[in-house]
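Chemist: here is the input, now give the coordinates:
(one chain, ligands or ions: 2)
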Amino acid sequence: MEKVTLALAKGRLSEKAMGLMARAGIRSKEFDELGRKLVFEDDSGAYRFILVKPSDVPTYVDHGVADVGIVGKDTLMEENRPLYELLDFGFGACRMCVCGFEGRRPPVGAPLRVATKYPRIARAYYGEKGQNIQIIKLNGSVELGPLVGLSDVIVDIVESGGTLKANGLAVLEEVAPLSARLVVNRVSMKTKTEKIQRLIEGFKQALKEDEA
Ligand SMILES: Nc1ncnc2c1ncn2[C@@H]1O[C@H](COP(=O)(O)OP(=O)(O)OP(=O)(O)O)[C@@H](O)[C@H]1O
Ligand SMILES: O=P(O)(O)OC[C@H]1O[C@H](OP(=O)(O)OP(=O)(O)O)[C@H](O)[C@@H]1O
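Modeler: Ligands and ions are numbered 1, 2, ... in the order given. Predicted structure coming up:
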């Protein structure tokens, strides 16, 4: 039997994704010791999982080595790959925002210096506004940008707002609401239609039961 391969993001989303799968009837004993084995199967043998870095999920699905993936909308927007986005799971909810010191403006005529882990999202956002910016790519602790004078603002994820508050920063603009999504490889959708549709139906049912 041909398996469906699912790319599962390590980190913040993994626990909720596994919980949802369990409610959709997909279980694996490996779920209990996540992080050790990078390739494993569910207990029925119908699904194979590959455990990947969150930002790599779209890459694996786009190349077809995974048929489906569970990944944050931020990563999808940043990677911008030609995938089918078929479900919004609702968990992993947060917002992509422009943040900085309230009331502070960059010098007139100078480009706005934007520190971010998400250069594509930032470029698209300011491009639409026709604003001249300079991107400063960071890989974490992005809030440091304005604190140390590296940037005027940041484009980053805000969930509780705790990190901003602890550093005296505020949300200045909202770029997009975010949550975890199900993505599907375009070819897999044609070659494994029934199996993928069954998987989607299982997820939808589990989500419906969560709401009830
Ligand atoms: N407070 C939050 N901070 C960051 N991501 C969050 C938050 N809340 C929900 N998310 C979602 O969780 C996803 C995965 O976050 P996680 O921190 O595990 O990965 P990551 O930021 O790519 O990690 P890293 O780059 O440290 O490996 C994000 O892409 C986002 O969609
Ligand atoms: O609004 P909050 O609930 O405070 O969450 C938002 C913070 O969490 C994320 O950082 P993460 O913890 O992934 O660390 P990082 O700075 O290393 O990316 C994000 O980049 C913000 O810094």
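
Chemist: regarding this protein, what is its longest helix?
Modeler: helix 193-211 (DSSP state H).

Chemist: any buried residues in that helix, and which?
Modeler: 195-196, 199-200, 202-203, 206-207 (16 or more other CB atoms under 10 Å). For glycine as for every other residue, the C-beta is placed from the backbone atoms N, C-alpha and C.

Chemist: tell me the mean pLDDT for it?
Modeler: Looking at helix 193-211 alone, the average pLDDT works out to 94.

Chemist: next: stretch 102-120.
Modeler: Averaged over stretch 102-120, pLDDT sits at 91.

Chemist: hmm, that stretch in reach of ligand 2?
Modeler: No - if you take CB under 6 Å from any ligand atom as the test, stretch 102-120 misses ligand 2, and the best it gets is 6.5 Å.

Chemist: residue contacts, the closest residue to residue 156 other than its chain neighbours?
Modeler: The shortest distance from residue 156 to any non-neighbouring residue, by CB to CB, 6 or more residues apart in numbering, is to residue 142 (4.6 Å). Neighbouring residues of residue 142 by CB atoms under 8 Å, 6 or more residues apart in numbering: 115-117, 154, 156.

Chemist: repeat for residue 28
Modeler: 40-43, 47, 49.

Chemist: out of those residues, the closest to ligand 1 would be?
Modeler: residue 49 (16.3 Å; CB to the nearest ligand atom).

Chemist: ok, so what distance separates the spatially most central residue of the chain from ligand 1?
Modeler: Centroid-nearest residue in the chain: residue 72, 1.8 Å away (criterion: CA atoms, centre = their mean). Look at residue 72 and ligand 1: by CB to the nearest ligand atom, to the nearest Å, they are 2 Å apart.

Chemist: residue boundaries of the strands in this protein?
Modeler: 4-9, 39-41, 47-52, 68-72, 84-88, 94-100, 112-116, 133-137, 153-158, 170-178, 180-184 (DSSP state E).

Chemist: among those strands, which is nearest residue 212?
Modeler: strand 84-88 (17.6 Å; CB to CB).

Chemist: each with direction, which strands does the closest one pair with?
Modeler: Strand pairing for strand 84-88, determined by DSSP bridges: strand 180-184 (antiparallel).
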